[in-house]
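K.L.:
give me a 3D structure for the following:
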Amino acid sequence: MTDTPSITVAALYQFTRFDDPAALREPLLRLCEEVGIRGTLLLAKEGVNGTIAGGENALQQVLAHIRALPGCANLDVKFSHASEMPFHRMKVRLKREIVTMGEPDIDPTQSVGRYVAPQDWNALISDPDTVVIDTRNDYEVATGTFRGAVDPHTSSFREFPQWFRAHRDELLSGKTKVAMFCTGGIRCEKSTSFLRQEGIDEVYHLKGGILKYLEEVPQDESLWDGECFVFDERVTVRHGLEQGDYGLCRACRRPLSAAEQASPDFVEGISCPHCIGERDEAQRARYAERQRQEELARKRGTSHVGAAFPPEE
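P.N.:
Numbers count the residues shown, from 1 in each chain. The predicted model follows:
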């Protein structure tokens, strides 16, 4: 019998109003450190967002603490599992936005699109009256997406509003509905709120994001192709939220297929086919030293703290 992985991973977010997010930071960080939770949490005036991991009991203590914060009783959490700790350390960071869009008038607590359960998603995106938009960044889309979805080819979520305004007419030509999706749902809270503000009424988004779809929809019924990038050391997951096959470039943090890892441009911790032309010799020298320190740490049986994964953004 296969043992159940001992590490539980929780991707969470809640849009709410925090009058003083800085006052919430230290108690939350202290609790996470005391019970051995690792990951990253973001706090802003608009709420909380992040991914954390650890033992089940410890994780439940932290989630109880967050649910006790103003407006967080119905905290949106998606659970998965990992065979080993997917984060190096614990960080609680203060931000202007818990997911950065750069549109100050957008407020998901006031207006968002219509939620669609994973079981109902296939019917919506198969409707010829629906345009389906992947709101994620280009490197995420490259590992997998829904069949027929539009890829905005954005490098950050901040670019999404400008992209939509530039392509609005062609996107909506002959369509009456807009369906959007992202990894865990948080970006769609803002993107659907943005479209509503732009005057589009029939806007839908996948409840719980791709992660919930891959958890609940059987693979033989799925319209998802590929794997889903996640913001931790697992890199990608597939149906059933099992760890995927992608690796990671430690220099540029992009996911790498098996073919990309076999490329002569891929040097562990230093370069990959995506970033070989983006970095200079001084940068590669720093990456080489970091890689050397990580290898020494592994030989000692300790953990070298490298660049942390951000939450979904």
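
K.L.:
outline the domain layout of the protein.
P.N.:
For the chain, automatic domain parsing gives the domain ranges 7-94, 114-226, 246-300.

K.L.:
want to throw those domains into JSON lines with mean neighbour count, mean pLDDT and distance to Arg234?
P.N.:
C-betas here are computed from N, CA, C, even on glycine. Formatted as JSON lines, these follow (neighbours: other C-beta atoms under 10 Å; pLDDT from 0 to 100; distance: least, C-beta to C-beta, whole Å):
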{"stretch": "domain 7-94", "mean neighbour count": "18", "mean pLDDT": "96", "distance to Arg234": "6"}
{"stretch": "domain 114-226", "mean neighbour count": "18", "mean pLDDT": "97", "distance to Arg234": "12"}
{"stretch": "domain 246-300", "mean neighbour count": "16", "mean pLDDT": "88", "distance to Arg234": "9"}
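
K.L.:
relative to Asp107, which of those is closest?
P.N.:
For the domains of the chain, the distance to Asp107 is smallest for domain 114-226, at 6.7 Å, taking C-beta to C-beta.

K.L.:
quick one: that closest one to chain centroid distance?
P.N.:
14 Å (C-alpha atoms, centre = their mean, to the nearest Å).

K.L.:
what's the span of that domain from first residue to last?
P.N.:
End-to-end distance of domain 114-226: 26 Å, with C-alpha to C-alpha, to the nearest Å as the criterion.

K.L.:
from Lys78, how far off is the residue lying closest to Val141 once chain neighbours are set aside?
P.N.:
Closest residue to Val141 in three dimensions, ignoring its sequence neighbours and counting by C-beta to C-beta, 6 or more residues apart in numbering: Asp151, at 4.9 Å. From Asp151 across to Lys78, the span is 23 Å (C-beta to C-beta, to the nearest Å).

K.L.:
ok, Phe229 next?
P.N.:
Taken as C-beta to C-beta, the span from Phe229 to Lys78 is 15 Å.

K.L.:
out of the domains of the chain, which gets nearest to Met101?
P.N.:
Closest approach to Met101 among those is made by domain 114-226 (4.9 Å; C-beta to C-beta).

K.L.:
quick one: name whatever helix or strand follows whichever helix or strand Leu29 is part of.
P.N.:
Using DSSP states H and E, Leu29 sits within helix 21-35. Proceeding C-terminally, helix 21-35 gives way to strand 38-44 as the next helix or strand, assigned by DSSP H and E.
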